[in-house]
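>>> Sequence plus predicted model, see below.
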Amino acid sequence: MIYIETPRLLLRDWSDADLPLFTAMNADPVVMECFPGTLTPEQTLSFYHCIREEFAQYGYGLYAVERKCDGCFIGFTGLHWARFQADFTPCVEIGWRLCHGAWGNGFAPEAASAVLDYAFGLLGIKEIYSFTAVRNLRSQRVMEKIGMESVGRFMHPALSRESPLAEHILYRARIEKADAK
């Protein structure tokens with residue numbers, strides 16, 4: 001099923017055929033430089049099953065992103081329920097991860113902007129967060145390009161306070177009451 005279509009991308013259901021490229025993406029140290037580490041094939045398979053379970057539970061989740069011009073899987077973009085302990089959770093988070101070869105083409109903001117429109121419009125979600133390690137300037141630029149506003153910083157509870165990735169920047173997008181349907 002295709003959930004969202006943009007001029008260059010399809011945001012769709014996952015298929016088992018996506019697993020080899022998803023596994024390679026999660027094992028790429030360049031792609032995963034702002035995460036605690038790369039993922040093993042077993043960890044990626046577990047993540048894949050979690051994504052599928054979230055779709056079954058909520059009807060939305062992290063969509064597989066396919067490039068229209070060649071039908072190639074290039075990563076994911078979508079919505080996830082963040083449930084770790086923080087003053088803004090539980091919340092709906094928007095996130096993305098693209099294969100390194102897809103970087104620099106504007107795919108991340110194109111897909112993420114379409115997901116925000118879908119979430120606020122069809123899904124009726126009123127507030128969405130995104131966060132990343134402070135040093136992840138690329139993701140922060142995507143957050144800014146899609147109209148999210150920086151609303152603070154926090155120490156991610158899943159990471160050691162000594163980790164260079166522990167401090168995160170928090171962004172938020174929401175429908176203002178005057179804009180709400």
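Looks like it arrived, so ask away.
>>> could you pull out the strands for this structure?
Remark: strands assigned in the chain by DSSP state E are 2-5, 9-12, 62-67, 73-82, 91-98, 127-133, 149-155, 167-174.
>>> winner for burial among these?
Neighbour counts (mean count of other Cβ atoms under 10 Å) averaged over each of the strands of the chain peak at strand 62-67, with a mean of 24. (Glycine included, C-beta is placed from N, CA and C.)
>>> Paired strands for it, with orientation please.
Here strand 62-67 is paired, per DSSP bridges, with strand 9-12 (antiparallel), strand 73-82 (antiparallel).
>>> what does the last one rub up against?
Contacts to strand 73-82, defined as Cβ atoms under 8 Å, 6 or more residues apart in numbering, come from residues 11, 17-18, 21-22, 25, 51, 54, 58, 60-67, 89-99, 101-102, 107-108, 111-112, 115, 119, 123, 125, 128-129.
>>> Tell me what angle it forms with strand 127-133.
110 degrees (axes from the mean of the first three to the mean of the last three Cα atoms, to 10 degrees).
>>> Send me strand 73-82 as CSV with only the CA atoms.
Output in CSV follows, covering the C-alpha atoms of strand 73-82 (Å, rounded to 0.1, in the frame of the first residue of the first chain):
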residue,chain,number,x,y,z
PHE,A,73,14.3,1.4,-1.5
ILE,A,74,16.3,4.4,-0.1
GLY,A,75,15.3,4.3,3.6
PHE,A,76,12.4,5.2,5.8
THR,A,77,10.5,8.3,7.0
GLY,A,78,7.5,8.4,9.2
LEU,A,79,6.0,8.4,12.6
HIS,A,80,6.9,6.5,15.8
TRP,A,81,5.6,6.4,19.3
ALA,A,82,8.5,7.6,21.6
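>>> on that earlier part again, out of the strands paired with strand 62-67, the one nearest Gly37 is which?
Among these, strand 73-82 comes nearest to Gly37, with 18.1 Å by Cβ to Cβ.
>>> So for the closest one, mean pLDDT?
Averaging pLDDT along strand 73-82 yields 97.
>>> can you check stretch 108-122 too?
97.
>>> neighbouring contacts of that stretch?
Outside stretch 108-122, the residues that reach it (Cβ under 8 Å, 6+ apart) are 3-9, 11, 60, 63, 65, 77-79, 92, 94, 96, 98, 125-126, 128, 139, 142, 145-147, 173, 175, 181.
>>> Give me the residue ranges of this protein where confidence is low.
177-181 (pLDDT under 70).
>>> And the helices in it?
For the chain, helices defined by DSSP state H occupy the ranges 19-27, 41-58, 107-120, 137-145.
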